[in-house]
Every structure is written in structure tokens, then in C-alpha cells.
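K.L.:
How does the following fold in three dimensions:
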Amino acid sequence: MDIQNNLKEVLADLPLNVKLVAVSKFHPVEMIEEAYKAGQRIFGESKVQELSDKYEKLPKDIEWHFIGHLQTNKVKYIAPFVAMIHAVDTYKLLVEINKQASKANRIIPCLLEIHIAKEESKYGFTFNSCKEMLAAGEWKELTNIRIEGIMGMATNTDDETQIEKEFKSLKEFFTELKNLYFKDEDSFREISMGMSHDYPIAVRSGSTMVRIGSKIFGERIY
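P.N.:
Predicted coordinates:
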């Protein structure tokens, strides 16, 4: 595996305004170190225990993004150091992140996960439930979280037209939320969409942040 080369190839594909989250879940510390040596600083993990272990062992200037489904009872383990939580899929989770961030004396950037795929197995708010939650306004009292955008996963399919349609729907929804609830918030600017197999389509559709694993680190060893 030439991780440094793979990384360079992916970065060469990305416009400067698109951040790369190198998805290092299930990959050993040594592989992360390789990417780190090549200048990569943002890494994505989806298991709390694995993230905590890696945080302990690796350089402290790494920005750790939690990209998996997060259970409320696990938030406290990552709240002291996590740089961003991508997949906030309930108001209840937002409340818990706020509580633990407050204990850690931090403000944690969060993305709201929106369900855009045709698969039931994916988590996330629907467009309507997300708007209802924001319209209710209670989130504004959560002073230790900052909603910085939205994230979504397209259907796992070879049909590029469908993938593009889903990504574009997320981009349009972002614009709608920005105008309705975050007009004056410069920090509300992230659309986290696109993975190894579909990130070129995501970038064309307005992504600001891609989550790429296998294209950098190879297939995962479970």
C-alpha cells in the first residue's frame, strides 16, 4: 500500500475548498502515521473505543472527526478531544453532546445527518424532521455545540444519476437551512458528502468535505 501516493492522488482530485477526511477506521496506527507524514491532519473514525485508543497513541495536532453512528452513552469518551461529530441524527444526541462538551469546557462542531439514500439501513433526519427540529428553536440554547452544516450518504448503487440526484438534494437542503436558520452564521458552511466510490460526483454537486478511506488505505481489515 503506498498510502502517501494514494493520498496525493486523492488531493490532486479535490478543489482547494473541499476538505479531506481520511477515514482511518479499522486501520492500524502505523497506516495513519504514514498519512500523517504526508501532511494529512484530519482523520475519521466510527467506533468510540477505537478512536479513544488512537487519540492516545497519535500526535495531538490531529483533528479527529467522528463519522459513525454515535450512541448517547458513549459521547462522554470523545467529548474532551473530538474536532467534529458528523452524524448527529437526533435532537437527543445533540443535547447529550452539549452536556458533555460543557463538562469538558468546549464547544463541539456538529453536522446534522440527513437521510437521502433509498436504503432503510441508513440513519439520519428526514428533510421534514430536521426542519421541525430547527424550527422548534430549542437547539439555540445548547451553547456548547455549534451546528456547522449537514452530512449525508448516497445510496450504494452504480446508478450515477441517482447518486447525483441525492447529493444535489442535500446541497439544496443546505441552502434552504442556511437561508432559514443560519443566515448570519459564517460557521454554517459544511456539506459532508462523498466517499471513495462517489466523491467526484459529490464534489460536482457542492460537497465541502469528503470522507475517503479505501482509496487511501486500501480495503479494511476487520
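
K.L.:
Is the residue sitting nearest the centre point of the chain in a helix, a strand, or coil?
P.N.:
Centroid check for the chain by C-alpha atoms, centre = their mean gives His86 as the closest residue, at 3.3 Å. When classified by DSSP: H, G, I helix; E, B strand; the rest coil, His86 comes out as strand.

K.L.:
And for Gln162?
P.N.:
Per three-state DSSP, the local secondary structure of Gln162 is helix.

K.L.:
Before we move on, what's the pLDDT of the closest residue in space to Val210 that isn't next to it in sequence?
P.N.:
Nearest residue to Val210 in three dimensions, chain neighbours excluded: Gly194, at 4.0 Å (C-beta to C-beta, 6 or more residues apart in numbering). For every residue, glycine as well, the C-beta is placed using N, CA and C. The confidence metric pLDDT takes the value 97 at Gly194.

K.L.:
pretty sure Gly194 is in contact with Arg211, am I right?
P.N.:
Yes - the pair Gly194 / Arg211 is scored as a contact, 7.0 Å apart, by C-beta atoms under 8 Å.

K.L.:
Look at those two and report which has more neighbours.
P.N.:
The neighbour count for Gly194 versus Arg211, taken as other C-beta atoms under 10 Å, is higher for Gly194 (29 against 25).

K.L.:
host element of the more buried one?
P.N.:
Per DSSP states H and E, Gly194 falls between elements, in no helix or strand.

K.L.:
thinking again about what came up before, against Val95, how distant is the residue nearest to Val210?
P.N.:
29 Å (C-beta to C-beta, to the nearest Å).

K.L.:
Residue ranges in the chain under the pLDDT threshold?
P.N.:
121-122, 221-222 (pLDDT under 70).

K.L.:
rewinding a little: wait, what's in contact with the residue nearest to the centre of the chain?
P.N.:
Neighbour list for His86: 21, 44, 65-67, 111, 113, 151, 192, 211 [criterion: C-beta atoms under 8 Å, 6 or more residues apart in numbering].

K.L.:
Pick out whichever of the residues you listed sits closest to Lys140.
P.N.:
Taking C-beta to C-beta as the measure, Lys140 lies nearest Leu111 of those, at 17.2 Å.

K.L.:
Just the element for the closest one, please.
P.N.:
strand 108-113.

K.L.:
Show residues contacting the following helix or strand past that strand.
P.N.:
Remark: after strand 108-113, the chain's next helix or strand is helix 127-136, criterion DSSP H and E. Contact with helix 127-136 is made by 91, 112, 114, 125, 139, 150, 173, 177, 180-181, as judged by C-beta under 8 Å, 6+ apart.

K.L.:
For PyMOL, write the select line for the buried members of these.
P.N.:
Selecting only the buried entries of these in PyMOL, with 16 or more other C-beta atoms under 10 Å as the criterion:
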select buried, resi 91+112+114+125+139+150+173+177+181
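
K.L.:
Just the ones of the contacts of helix 127-136 in strands?
P.N.:
Secondary structure defined by DSSP state E assigns 112, 150 of those to strands.
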